[in-house]
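In: 3D, please:
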Amino acid sequence: MEEVQEPPPYKSDAFPYPNGTSSFTLRTEHPDLIPLQQTCPDLKVFTQSHPDFEKLNGVWQTLHINTPLAITRPTTTEEISSIVKFCSSQKPQIQISVRSGGHDPWNRSNLTNTLVVDVRDIYHINLSSDKTSAVIGGGVMGGPLAAKLEEHGLVVTMGGCHSVGYTGWSTAGGYGSLNGAFGMGCDQILSARMILANGEIVDADEEMLWALRGGGCGWGVVYEMRIRVHKLEKLLAGMIVFPIEQVEGILGKYQEVLDVEYPDEYGGEVLFGPFPGVGRVVCFLFMWASTDFERGIKFADKIRALGSPLMDTIAETTLTAWTEAGKSFAPYGLKSTMRSHLLPERITPDLVTTLLPHINSISLSPTAMTVVLFHPAHGCATRPTLSSSFAKRTSHIMLEAIGATFSDDAAEVEAVDEWANGVADDLEKNGVVDSGGYVALTEPGEGVAEKCFGMSWQKLKEFKKEVDPEWLFGNGVFGAGKWR
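Out: Below is the predicted model:
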């Protein structure tokens, strides 16, 4: 194995902190945690009085601020095992929240009154000698992973946001621009080392891997995974931007293009949102995951011909450069409402009619970010596999409606919330949504897990009872349905 590791450079709170809360302070503030510190004297524990607690507890979504009992920053499987055994032995037990990137829309990675296992110090990327796989730590995030693999002419299936934790993203399913070429994020998982609810350190067996590949990571703490990586030194990527006034005609013509040719290499995410100095736009986030650039350019020409572009940035680039360019679309510190639906593969007139009033009312406030995103799943993402619990293996679109703002103004917070809910509610009311759902971006509630996991639901339910009967890890995406 060739080691290519260093701390991620983009977020200062990802670096290892030299000191946690002192033993003296811990005895005063949280004497119940003293046994954990005695068992693991090198484990960093950060209580609420620690000067860095607020920074360490920071997450992408700030509409609801959670305050966990404390945050732990383990670096070894033995430390995680001790944390798990400690929490499960308490009467009543202390539930565990596991966090990495902190992008969950409902902040399930740092819930109030839980003990957080923050895995961001478990950061390693070890490339196999044949350069077909890599072992990554549970704290590795998409952007730094792409950057390291790029040094070897490799790419990894990942989401569009550089700071999303790879483990959480991939185990929930994992939508991204490379799905068509290489499969869903969960399809990249080859093996995993975990700590179970009883504190046992294990290499995941086939049943556990089946659950991890689409069922989320609420079966324990994932210390590391071995994932597929793919040879691709360069790709075509860029934005083709059209004014929103052309959207109705563009979407109809776009479906006609896809009816004739829908290449696996094409990563066709589409964004409807505000653009600085332009107004509301429809933006094709074009990606061509192949070195056959001639064919890619010809397909891009079909997208360009849909209307009269305001901007066209398609060029030969790398996955890292493309991910860096997308940072502005997913900043930390937003107060946001996120709703999602799965849509049928085809963009129908009824879908367009339902979306139009919402697209035309996208906020132009400089502090707001209200967008609709199409994430298509086609090609390799739709190849059925018995080794994965991810349920939706037909060609489809995962739609996100995001109503977000940096403002503290209550009226703007309420307005973007109403907008996002209005998009999702109208889609459902008008009957243009498909069956199922994407559990990572579906609001927790009754029936959510059963809806999202479909035919895998019953088996996942029984497996959860087997590996975590007391729901020590009850706060992840699998607990979204509150079905226990």
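In: Now do the same contact list for the residue lying closest to V432 once chain neighbours are set aside.
Out: What sits nearest to V432 in space, not counting adjacent residues and going by C-beta to C-beta, 6 or more residues apart in numbering, is L351, at 4.7 Å. Placement of C-beta: from N, CA and C, glycine included. L351 is in contact with 343, 427, 432, counting by C-beta atoms under 8 Å, 6 or more residues apart in numbering.
In: among those residues, who's most crowded?
Out: Counting neighbours by other C-beta atoms under 10 Å, L427 comes out on top of these with 23 neighbours.
In: Tell me who's in contact with that one.
Out: 341, 343, 351, 354-355, 399, 433.
In: Kindly report the same for G476.
Out: Going by C-beta under 8 Å, 6+ apart, the list of residues near G476 reads 98, 108, 216-218.
In: could you dump those residues to a markdown table with distance to I244?
Out: Compiled in a markdown table, those are given as follows (distance: C-beta to C-beta, whole Å):
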| residue | distance to I244 |
| --- | --- |
| V98 | 40 |
| R108 | 34 |
| G216 | 36 |
| C217 | 38 |
| G218 | 40 |
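In: Just give me the closest of those residues to L69.
Out: V98 (14.4 Å; C-beta to C-beta).
In: rewinding a little: ok, the contacts of G476 vs F86, which is closest?
Out: Distance ranking of these against F86, using C-beta to C-beta, places V98 first at 15.0 Å.
In: any low-confidence regions in the stretch 301-450 of the chain?
Out: 328-330, 446 (pLDDT under 70).
In: For the stretch 1-150 of the chain, which segments count as strands?
Out: Remark: strands assigned in the stretch 1-150 of the chain by DSSP state E, counting those that start in this stretch are 2-3, 44-47, 70-73, 96-99, 115-118, 125-127, 133-137.
In: Now the weakest link among those strands, please, by mean pLDDT.
Out: Mean pLDDT values for the strands of the stretch 1-150 of the chain show the minimum at strand 2-3, a mean of 42.
In: ok, back up a step: which among the contacts of L427 end up buried?
Out: 341, 343, 351, 354-355, 399, 433 (16 or more other C-beta atoms under 10 Å).
In: Let me know the closest of those to A321.
Out: Checking these one by one against A321 (C-beta to C-beta), the nearest turns out to be L399, at 26.8 Å.
In: In a helix, the closest one, correct?
Out: No: counting by DSSP: H, G, I helix; E, B strand; the rest coil, L399 falls outside a helix, being strand.
In: mind listing what it touches?
Out: L399 is in contact with 340-343, 372-375, 427, counting by C-beta under 8 Å, 6+ apart.
In: Next, format the residues you listed as TSV and append secondary structure and distance to G173.
Out: Compiled in TSV, the contacts of L399 are given as follows (DSSP: H, G, I helix; E, B strand; the rest coil; distance: C-beta to C-beta, whole Å):
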residue	secondary structure	distance to G173
S340	strand	11
H341	strand	14
L342	strand	11
L343	strand	15
V372	strand	19
L373	strand	15
F374	strand	16
H375	strand	10
L427	helix	20
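In: Kindly indicate which of the residues you listed lies nearest P384.
Out: The closest of the contacts of L399 to P384 turns out to be L342 (C-beta to C-beta; 16.4 Å).
In: ok, T67 - contacts?
Out: Each residue near T67 by C-beta under 8 Å, 6+ apart is listed here: 48, 57, 112.
In: Please identify, among those, the one with the most neighbours.
Out: N57 (23 neighbours).
In: Next up, phi/psi of the nearest residue to that residue once chain neighbours are set aside, please.
Out: Of all residues not flanking N57 in the chain, N110 sits nearest, at 5.8 Å (C-beta to C-beta, 6+ apart). When read as degrees, to the nearest 10, the backbone of N110 gives phi -150, psi 50.
In: show me the contacts for the residue nearest the centre of the chain.
Out: By C-alpha atoms, centre = their mean, the chain has its centre lying nearest to W169, at 3.7 Å. Counting by C-beta under 8 Å, 6+ apart, W169 touches 101, 103, 142, 158-159, 185, 440.
In: if we go to 6 Å?
Out: Going by C-beta atoms under 6 Å, 6 or more residues apart in numbering, W169 touches 159, 185.
In: so it, which of the three states?
Out: Strictly by three-state DSSP, W169 counts as helix.
In: any idea how far L441 is from it?
Out: Separation of W169 from L441 (C-beta to C-beta, to the nearest Å) stands at 11 Å.
In: ok, how many other residues are close to A315?
Out: Neighbour count for A315, taken as other C-beta under 10 Å: 10.
In: so what's it bridging to?
Out: Per DSSP bridges, the residues bridged to A315 are A237.
In: distance of it from G238?
Out: 6 Å.
In: and if you look at D409?
Out: Where G238 is concerned, D409 sits at a distance of 34 Å (C-beta to C-beta).
In: Settle it for me: which of the two has more neighbours?
Out: G238 (20 against 14).
In: And the more buried one, how close does it get to Y262?
Out: 19 Å.
In: what do you get for L342?
Out: Distance from L342 to Y262, by C-beta to C-beta: 18 Å.
In: who has more neighbours, those two?
Out: Looking at L342 and Y262 with other C-beta under 10 Å, you find the greater number of neighbours at L342, namely 22 against 16.
In: which residues sit in contact with the nearest residue to the more buried one once chain neighbours are set aside?
Out: Once flanking residues are discounted, L342 sits nearest to D434: 4.5 Å by C-beta to C-beta, 6+ apart. Residues near D434 by C-beta under 6 Å, 6+ apart: 342-344, 396.
In: Greatest separation within these: which pair is it?
Out: L342 and P344 (8.3 Å).
In: residues touching M455, list them.
Out: Counting by C-beta under 6 Å, 6+ apart, M455 makes contact with A391.
In: Which residues are in contact with the residue nearest to N57?
Out: So N110 contacts 57, 66, 68, 97, 99, 116 (C-beta under 6 Å, 6+ apart).
In: now do P74
Out: Listed by C-beta under 6 Å, 6+ apart, the contact partners of P74 are I80.
In: same thing with the one 3 residues further on?
Out: Contacts here follow C-beta under 6 Å, 6+ apart; on that basis T77 touches 201, 223.
In: ok, 8 Å please
Out: 193, 195, 201, 223.
In: one step back: including distance to T382, could the contacts of N110 go into TSV?
Out: Output for the contacts of N110, formatted as TSV (distance: C-beta to C-beta, whole Å):
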residue	distance to T382
N57	39
N66	36
P68	39
S97	33
R99	31
V116	36
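In: Closest one of the residues you listed to N475?
Out: S97 (5.1 Å).
In: Hmm, T62 is touching L334, no?
Out: Yes: the pair formed by T62 and L334 meets the contact definition of C-beta atoms under 8 Å, at 6.5 Å.
In: Show the backbone phi and psi for the residue nearest to L342.
Out: Per degrees, to the nearest 10, the backbone of D434 is at phi -90, psi 170.
In: now I347
Out: Here the main-chain torsion angles of I347 (degrees, to the nearest 10) amount to phi -90, psi 100.
In: What about it, how many residues nearby?
Out: Neighbours of I347 using other C-beta under 10 Å come to 22.
In: how close does the nearest residue to it once chain neighbours are set aside get to H64?
Out: In space, and not counting its chain neighbours, I347 is closest to Q255: 4.5 Å by C-beta to C-beta, 6+ apart. Q255 sits 38 Å away from H64, taking C-beta to C-beta as the criterion.
In: So which of these two has more stuff around it?
Out: It is Q255, of Q255 and H64, that has more neighbours when counted by other C-beta under 10 Å, with 16 against 11.
In: OK, contacts around the closest residue to G296 other than its chain neighbours?
Out: Spatial nearest neighbour of G296, chain neighbours left out: W288 (3.4 Å); criterion: C-beta to C-beta, 6+ apart. Applying C-beta under 8 Å, 6+ apart, we find W288 in contact with 235-237, 265-267, 295-296, 299-300.
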